[in-house]
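[1] The following comprises the amino acid sequence and a computationally predicted model.
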Amino acid sequence: MKRTFESLSKASRGYVSYKGGEGQLSFLLHRITGLGTLLFLTIHIVDTAMVYFYPELYAEAIRLYQSPLFMIGEIGLVFSVIFHGVNGLRIAYLDLFKPQKWRIDSQRSAVRWTLGLSIILWLPAAVIMFSNLLAHL
């Protein structure tokens, strides 16, 4: 158990201390957005199962999801799904069709384009969701 903790600790320090620029940003964002999406899907499956087993608990969960904190989290979730998808497509495209483009200079540009495209795709949804949040308050 101690060895596992040491290994995890060493890996965590590597994530924080490495100064890889755009590549590190893309790597970390891809992992974080993937974990955020996984967390949402897990919660969604559990709360949807409550409809059948505990309908009153499901109704309480829906009320909780309508709180401002969860509504802001949904805005972040939309960004997570969009960035994770766009970045995943970039990685798949390079792996399958253009492996020679795995160079630092082209990847810096590709990561910037990926982040920019993700933000452009996310902004309309974020504006609509934020206006609904303000209307809900």
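    That came through fine. Just so we're clear, the structure is a prediction, and the values are computed from it rather than from any experiment.
[2] Pick out the residue nearest the middle of the chain.
    Most central residue of the chain, judged by C-alpha distance to the mean C-alpha position with C-alpha atoms, centre = their mean, is residue 33 at 1.9 Å.
[3] Isn't residue 130 up against residue 75?
    Yes: using C-beta atoms under 8 Å, residue 130 and residue 75 qualify as a contacting pair, with a distance of 6.4 Å. All C-beta atoms are positioned from the backbone trio N, CA, C, and that covers glycine.
[4] the more surrounded of those two?
    Applying other C-beta atoms under 10 Å to residue 130 and residue 75 shows that residue 75 carries more neighbours, namely 18 against 13.
[5] who's in contact with that one?
    Under the criterion of C-beta atoms under 8 Å, 6 or more residues apart in numbering, the contact list for residue 75 reads 125-126, 129-130, 133.
[6] ok, so what distance separates it from residue 87?
    To residue 87, residue 75 is 19 Å away according to C-beta to C-beta, to the nearest Å.
[7] Same check on residue 41?
    According to C-beta to C-beta, residue 41 stands 18 Å off from residue 87.
[8] mind listing the helices for this protein?
    2-17, 22-53, 55-65, 68-96, 104-136 (DSSP state H).
[9] For the shortest one, give me every contacting residue.
    By C-beta under 8 Å, 6+ apart, the list of residues contacting helix 55-65 from outside reads 47-48, 50-51, 70-71.
[10] got it, and stretch 121-134?
    Stretch 121-134 is contacted from outside by 68, 71-72, 74-75, 78-79, 82-83, 86, using C-beta under 8 Å, 6+ apart.
[11] just to revisit the earlier point, selecting buried members of the contacts of residue 75 in ChimeraX, what would you type?
    Buried members of the contacts of residue 75 can be picked out in ChimeraX with the line below, counting by 16 or more other C-beta atoms under 10 Å:
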select :126,129,133
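[12] can you redo the contacts of residue 75 as TSV with distance to residue 106?
    Conversion of those to TSV gives the following (distance: C-beta to C-beta, whole Å):
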residue	distance to residue 106
125	29
126	29
129	34
130	35
133	39
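[13] That's all I had, so thanks and see you.
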